[in-house]
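# have a look at this fold, sequence not included:
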């Protein structure tokens, strides 16, 4: 009897031990690569404006080096935490105590006094970078779908033609600036470019409308990896464009016309 109880106790102990071992095996260990990325280049969520105000840093949906090899992590870290932060801080400082303090950045740009360079440069820089960072995604690339894809085919001929037009607009922009895909005020798609931190919302824009895609061609957007080879950067950028986000922006812009 005692021998039987001893055997049962051993079996029970072994089953309990196995259960505990199985439970330990099911625990998900955090990916050490993610932790390494954050410690090496910092966390975008930690970047905050220093001047207060309503124009805050919106964060990124990805780590700085998640867009590699198309955009290197160090470039993204400098771009977001230095250049973009600078525009946000200067914009907040510029609107304090003015009637612009309670307006959205879109309203500021649409009704801009183009001779006010402080607001023009910093509101433009803040808006432009927000859009640029938003339409990037490590799992991007491919081709558009939905209503945007239909509009591209109907109005621009094909997606290949859209890529060609965007690349030419970006490559042909002398010096610093941007290339854009815009929904014009009559609901049509258009490709255009602007210098410096100007954009199609501004009254002085050659093509006015709602931007749904922005490609940054300031050198700080690509220089660490591509140096003077802007065309290589422009080829690579299409691998990380999130066409789902661009499609949503297209549908939203069309719904407001």
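Good, I have the coordinates. All values derive from a computational prediction rather than experimental measurement.
# surely residue 204 and residue 198 touch.
Yes - the criterion here is CB atoms under 8 Å, and residue 204 meets it with residue 198 at 7.2 Å. To be clear about C-beta, it is placed using only N, CA and C from the backbone, and glycine gets the same treatment.
# more neighbours: those two, which one.
residue 198 (22 against 10; other CB atoms under 10 Å).
# tell me how many other residues crowd the residue nearest to the more buried one when sequence neighbours are not counted.
Once flanking residues are discounted, residue 198 sits nearest to residue 124: 5.8 Å by CB to CB, 6 or more residues apart in numbering. Neighbours of residue 124 under the rule other CB under 10 Å: 24.
# could you pull up phi and psi at residue 124?
Main-chain dihedrals, residue 124, degrees, to the nearest 10: phi -60, psi -50.
# which residue is nearest the middle of this protein?
residue 133 (1.7 Å; CA atoms, centre = their mean).
# next, the contact list for that residue, please.
58, 60, 80, 84 (CB atoms under 8 Å, 6 or more residues apart in numbering).
# can you tell me which residues contact the residue nearest to residue 198?
109, 196-199, 202.
# for residue 118, see how far away the residue nearest to the centre of the chain is.
23 Å (CB to CB, to the nearest Å).
# likewise for residue 227?
On the measure of CB to CB, residue 227 and residue 118 end up 31 Å apart.
# where along the stretch 51-200 of the chain do the strands fall?
Here the stretch 51-200 of the chain has its strands, by DSSP state E, counting those that start in this stretch, at 177-184, 189-195.
# tell me which of those sits most buried.
Comparing the strands of the stretch 51-200 of the chain by mean neighbour count (mean count of other CB atoms under 10 Å), strand 177-184 ranks first with a mean of 24.
# I figured residue 72 hits residue 226, correct?
No - look at residue 72 against residue 226 with CB under 8 Å: they stay out of range, at 9.2 Å.
# who has more neighbours, the two?
residue 226 (19 against 16).
# separation between that one and residue 77?
Remark: distance between residue 226 and residue 77 (CB to CB) = 16 Å.
# low-confidence ranges in this structure?
The chain contains residues with pLDDT under 70 at 1-39, 51.
# so residue 223 is in contact with residue 72, correct?
No - Residue 223 lies out of contact with residue 72 (CB under 8 Å); the separation is 10.3 Å.
# give me every residue that touches residue 236.
Residue 236 touches 69-71, 226, counting by CB under 8 Å, 6+ apart.
# so where does it fall, helix or strand?
Here residue 236 is covered by helix 230-237, with elements defined by DSSP states H and E.
# and residue 213, that's in a strand?
Yes - according to DSSP: H, G, I helix; E, B strand; the rest coil, residue 213 belongs to a strand.
# which residues are in contact with the nearest residue to it once chain neighbours are set aside?
Leaving aside its chain neighbours, residue 213 sits nearest to residue 181 (3.9 Å; criterion: CB to CB, 6+ apart). Shown in contact with residue 181 (CB under 8 Å, 6+ apart): 162, 166, 189-191, 211-213, 246.
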